[in-house]
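Undergrad: just to be clear, the model below is a prediction. Sequence and coordinates:
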Amino acid sequence: MLRRTKIVATLGPASEDEKTLHKMINAGLNVARLNFSHGEEADHRRRAAAFRAAAAHLHRDVGIMGDLQGPKIRIKRFEHGSVHLDEGAPFFLDSTLGLMDGNEHGVGVALETLHEDVKKGDILLLNDGMITLTVDRIEGTRIHTTAVNSGILSDHKGINLKGGGLSAPALTDVDRANIKLAAELEMDFLAVSFVRSGEDIHEARELFREAGGNGHIVAKIERTEAVENIDSIIDAADIVMVARGDLGVEMGYAELTGIQKRLIAATRSKNKIAITATQMMESMIQNPIPTRAEVSDVANAVIDGTDAVMLSGETAVGEYPVEAVRSMASVCIGAEKYPNQTGRTGRRADDKFDVVDEAIAMAVMYTAKHVDVKAIIALTESGSTTRWMSRVRSDIPIYAMTPYDATSRRVALYRGVYPVQFEILETDRDQLYAAIFETLLSKDLVEIDDLVIFTKGDLKGVSGSTNAMKILTVKA
């Protein structure tokens, strides 16, 4: 069976050679992620070029996502690389402390306004929550705290304020430079880290467009403020990523599963794309198979309706990058077999549609649930019609037939949508159908006498003009 849930995998030192990239794409990778938090510009250029070359060699339509670093709040460095904090010990944070002057008494922080964002009684979580500090008092730029637990604290670890509220902007000067790089490399997706509101997405989109970028904008939800402003963020973004690392630290891990389900549901209800990310198969950094808990985690995200699941360190620096992609693909297929993956369209009879192609998409999916069709075939310029179709849970494959490489790479992320390169050369209706069927039959995507639903627009070259639906029988 075709896998409907897509896979995003991060490239890094473990997954940048030609042989490994070929194997990862064949194992099921749909979108490669370049993490701007790690590596230099030359690394990103090299990996993007290698991935595009591998995709071209395999004749696969796969996308590239650039993931901005964002204002990750970090401590500075210690004189000896790390310190051991004892439970109950005093420890200070100070933005004016030198870059390498940290010791067992305190350490510098990169955010100059941190002392303005916290107050007595606040909880600071360092190193993804491994170290917890309670704020005792603030004296100038110095934040005096007490360690709640013992542990090792090393250079450049992240800082989160429990409950959120840090004032750092979503985009830094480094991010602005990387936006230009993403545009130059023609990346298909641009992920914005530590988003607070829809305004952050609008700013990133404007900068990306000014630099010549045409990809979709991904809003990473990893702040408490983002959850509180989720409606404006979904409206502004093309894609929402549930980035569970910092989000879990800020809002508490006990709340995370419920928040994840709510965010996926909210994103799909607004006809946008959802990605679930962070530590999905973390154990596979060292091990060739995932744990049962990780299998359950991925499967639950699939059952919740996520469009894609993401691998980070598992493929970037792990020992088994190909196995990680293959394992994730297998779990997705297993989860998709169950009946609760299909169901009602989620649309009521009295719903209103803003544009004609959205109405056509919903009519297609309603028809597909009541007629025994084997596939949905959409001639599409931008891919928007197939995106709307994919919001309805269905096991019927949606083939996005388009002449545009950029569209093919973008729809590769949509759940249940499969890009098919197709140049419209025929104007005669019967000859057009014959060309479409020949293309799909040659790829073993349909069979003779299959009943299919076909959509198209009257105006070639006009995005968003789908206005016709037909039920056809595949002929040789």
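TA: On my side now, so go ahead.

Undergrad: who touches the helix or strand hosting Asp297?
TA: Using DSSP states H and E, Asp297 maps to helix 292-304. Residues from elsewhere that reach helix 292-304, judged by Cβ atoms under 8 Å, 6 or more residues apart in numbering: 5, 257, 260-261, 264-265, 276, 280-284, 290, 309, 328, 331-332, 334-336, 338, 340-341. No exception for glycine: its C-beta is placed from N, CA and C like everyone else's.

Undergrad: let me see the domain layout of the chain.
TA: The chain resolves into domains spanning 6-70+169-336, 82-161, 356-473 when parsed by automatic domain parsing.

Undergrad: now do the contacts for Lys220.
TA: Asp67, Gly70, Ala191, Val192, Ser193, Phe194, Val195, Met241, Ala243, Ala277.

Undergrad: could I get these as JSON lines with neighbour count, distance to Leu114 and pLDDT?
TA: Listed next are the contacts of Lys220 as JSON lines, based on neighbours: other Cβ atoms under 10 Å; distance: Cβ to Cβ, whole Å; pLDDT from 0 to 100:
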{"residue": "Asp67", "neighbour count": "28", "distance to Leu114": "24", "pLDDT": "98"}
{"residue": "Gly70", "neighbour count": "25", "distance to Leu114": "16", "pLDDT": "91"}
{"residue": "Ala191", "neighbour count": "30", "distance to Leu114": "25", "pLDDT": "98"}
{"residue": "Val192", "neighbour count": "26", "distance to Leu114": "22", "pLDDT": "97"}
{"residue": "Ser193", "neighbour count": "27", "distance to Leu114": "18", "pLDDT": "94"}
{"residue": "Phe194", "neighbour count": "26", "distance to Leu114": "15", "pLDDT": "92"}
{"residue": "Val195", "neighbour count": "31", "distance to Leu114": "20", "pLDDT": "94"}
{"residue": "Met241", "neighbour count": "30", "distance to Leu114": "26", "pLDDT": "98"}
{"residue": "Ala243", "neighbour count": "26", "distance to Leu114": "22", "pLDDT": "94"}
{"residue": "Ala277", "neighbour count": "27", "distance to Leu114": "26", "pLDDT": "97"}
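
Undergrad: now stretch 286-294: buried residues?
TA: Pro290, Glu294 (16 or more other Cβ atoms under 10 Å).

Undergrad: and stretch 135-154, C-alpha only, in CSV?
TA: Only the C-alpha atoms of stretch 135-154 are listed here, as CSV (Å, rounded to 0.1, in the frame of the first residue of the first chain):
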residue,chain,number,x,y,z
VAL,A,135,14.8,32.6,40.9
ASP,A,136,15.5,34.1,44.3
ARG,A,137,16.2,37.8,43.4
ILE,A,138,17.5,40.0,40.7
GLU,A,139,20.3,42.5,41.2
GLY,A,140,20.9,44.6,38.1
THR,A,141,21.7,42.1,35.3
ARG,A,142,22.5,39.3,37.8
ILE,A,143,19.8,36.7,38.4
HIS,A,144,20.4,34.8,41.7
THR,A,145,18.9,31.3,41.7
THR,A,146,18.9,28.1,43.7
ALA,A,147,19.4,24.7,42.0
VAL,A,148,16.4,22.5,42.5
ASN,A,149,18.2,19.3,41.5
SER,A,150,21.8,18.1,41.0
GLY,A,151,23.4,17.6,37.6
ILE,A,152,26.0,18.5,35.0
LEU,A,153,25.7,21.8,33.2
SER,A,154,27.9,22.4,30.2
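
Undergrad: pLDDT averaged over it - what is it?
TA: For stretch 135-154, the per-residue pLDDT values average out at 97.

Undergrad: which parts of it are buried?
TA: Neighbour counts over stretch 135-154 (16+ other Cβ under 10 Å) mark Val135, Ile138, Thr141, Ile143, His144, Thr145, Ala147, Val148, Gly151, Leu153 as buried.

Undergrad: going by distance to Lys180, which of these wins?
TA: Using Cβ to Cβ, Thr141 is the member of the buried residues of stretch 135-154 that lies nearest Lys180, at 32.9 Å.

Undergrad: residue ranges with poor pLDDT in the chain?
TA: 1, 339-351, 458-465 (pLDDT under 70).

Undergrad: okay, and which of the contacts of Lys220 map to strands?
TA: Asp67, Ala191, Val192, Met241, Ala243, Ala277 (DSSP state E).
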